[in-house]
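# predicted coordinates and the sequence they were generated for:
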Amino acid sequence: MLKRLLYCFFCMLLLSSCGAKKPSGTKSLDSQPRTKASQKPYSVYGQRYEPLQNHNGFVQAGMASWYGKDFHGKKTSNGEKYDMYAMTAAHKTLPLGVYVKVKNRNNGREAVVRVNDRGPFVKGRIIDLSYAAAKKLGVDIAGTAPVRIEALGYQGSAPDRYKAPETYDAGSYTVQVGSFKEQSNAQRLSMEMRKQSGFSEVRRTDINGEIFYRVYSGKFSSLNAAETAEQELSEHGYPGCFAVALE
């Protein structure tokens, strides 16, 4: 009899607890907003970084670098595979997915990239560009350049969102077929290239105090056309040539 009474008592306690209402104004753990993993604070080499929750008004100046084939196909911080031929970049704190305008302060070239990775974790550098972005900005040869970056927004139709252009291929491009310390050698090659493509010029460049004379051949209205010419020239005795943007 005692066991039955105890059993009934515990059943009544269970029913009363199930019927109890939650205090008004409280939220369950499941209803609390959760921070995306990519937006949580993180540490690299002992340095703590806190990703921004908002991109509005973000402007920054500093050095840009780029990363290429060693990372091509590897997973980025937002889960995508890194594509060195896409217009993307890595930034330490900007929200992933935001579009950023990058201006090369050395030559005035501009490009728009989408942040999909974290980095660069090198002192003094503020953004790591994909190979395609570095090429468009003229950073691919020197490796680094002073830039100004400005956050634009996200892709979409809302007033505060940024609509990405349909293509980044259009522009003005040429092919660099050689680089010489002797100006006379550069001029000689430029004369040969002018006969082949109709356009060639020599540009003087100072790299870390050393003077070089770069030979450009051909004018193209798209990066794809310039890369096709690059391949043809490479097959005809100029294996070190590459497409570049004309200023």
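Yes, it's here.
# how about the strands in the chain?
Taking DSSP state E as the criterion, the chain contains strands spanning 42-44, 47-49, 59-66, 88-90, 99-104, 110-117, 125-129, 145-153, 170-180, 200-207, 210-222, 242-245.
# looking at these, which is closest to Asn78?
Closest to Asn78 of these is strand 110-117 (C-beta to C-beta; 4.9 Å). (Each C-beta comes from the backbone N, C-alpha and C, glycine too.)
# just the buried positions in the closest one, please.
111-117 (16 or more other C-beta atoms under 10 Å).
# turn the residues you listed into TSV, columns for distance to Ala133.
Formatted as TSV, the buried residues of strand 110-117 follow (distance: C-beta to C-beta, whole Å):
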residue	distance to Ala133
Ala111	5
Val112	9
Val113	5
Arg114	10
Val115	11
Asn116	12
Asp117	12
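# can I get these in a markdown table including pLDDT and distance to Arg204?
Formatted as a markdown table, the buried residues of strand 110-117 follow (pLDDT from 0 to 100; distance: C-beta to C-beta, whole Å):
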| residue | pLDDT | distance to Arg204 |
| --- | --- | --- |
| Ala111 | 93 | 25 |
| Val112 | 93 | 30 |
| Val113 | 95 | 30 |
| Arg114 | 94 | 35 |
| Val115 | 95 | 35 |
| Asn116 | 94 | 37 |
| Asp117 | 94 | 36 |
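# now the chain, which segments are flagged as low pLDDT?
1-39, 156-170, 207-208, 247 (pLDDT under 70).
# domain parsing for it?
The record's domain split for the chain, according to automatic domain parsing, is 42-153, 170-245.
# dump the strands of the chain into TSV; add distance to Ser234 as well.
Shown next, in TSV, are the strands of the chain (distance: least, C-beta to C-beta, whole Å):
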stretch	distance to Ser234
strand 42-44	39
strand 47-49	42
strand 59-66	22
strand 88-90	26
strand 99-104	26
strand 110-117	25
strand 125-129	24
strand 145-153	26
strand 170-180	9
strand 200-207	17
strand 210-222	12
strand 242-245	9
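# so which residue is dead centre in the chain?
Residue closest to the mean C-alpha point of the chain, counted by C-alpha atoms, centre = their mean, is Ala89 at 1.2 Å.
# check contacts around it.
100, 102, 113-117, 127-130, 133 (C-beta atoms under 8 Å, 6 or more residues apart in numbering).
# closest one to Gln53 out of these, please.
Val115 (14.1 Å).
# surely that closest one touches Val98?
Yes. With contact defined as C-beta atoms under 8 Å, Val115 reaches Val98; the gap is 5.4 Å.
# anything in contact with each of those two?
By C-beta under 8 Å, 6+ apart, no residue touches both Val115 and Val98.
# so of the strands of the chain, which one's packed in deepest?
strand 88-90 (a mean of 26; mean count of other C-beta atoms under 10 Å).
# what about it, distance to the chain center?
2 Å (C-alpha atoms, centre = their mean, to the nearest Å).
# partners of it in the sheet?
strand 110-117 (parallel), strand 125-129 (antiparallel) (DSSP bridges).
# so how far is Gly178 from the nearest residue to Ala186 once chain neighbours are set aside?
Closest residue in space to Ala186, ignoring its immediate chain neighbours: Tyr213 at 3.6 Å, by C-beta to C-beta, 6 or more residues apart in numbering. Distance, Tyr213 to Gly178, using C-beta to C-beta, to the nearest Å: 9 Å.
# what sits in contact with each of these two?
With C-beta under 8 Å, 6+ apart, Tyr213 and Gly178 have common neighbours Ala186.
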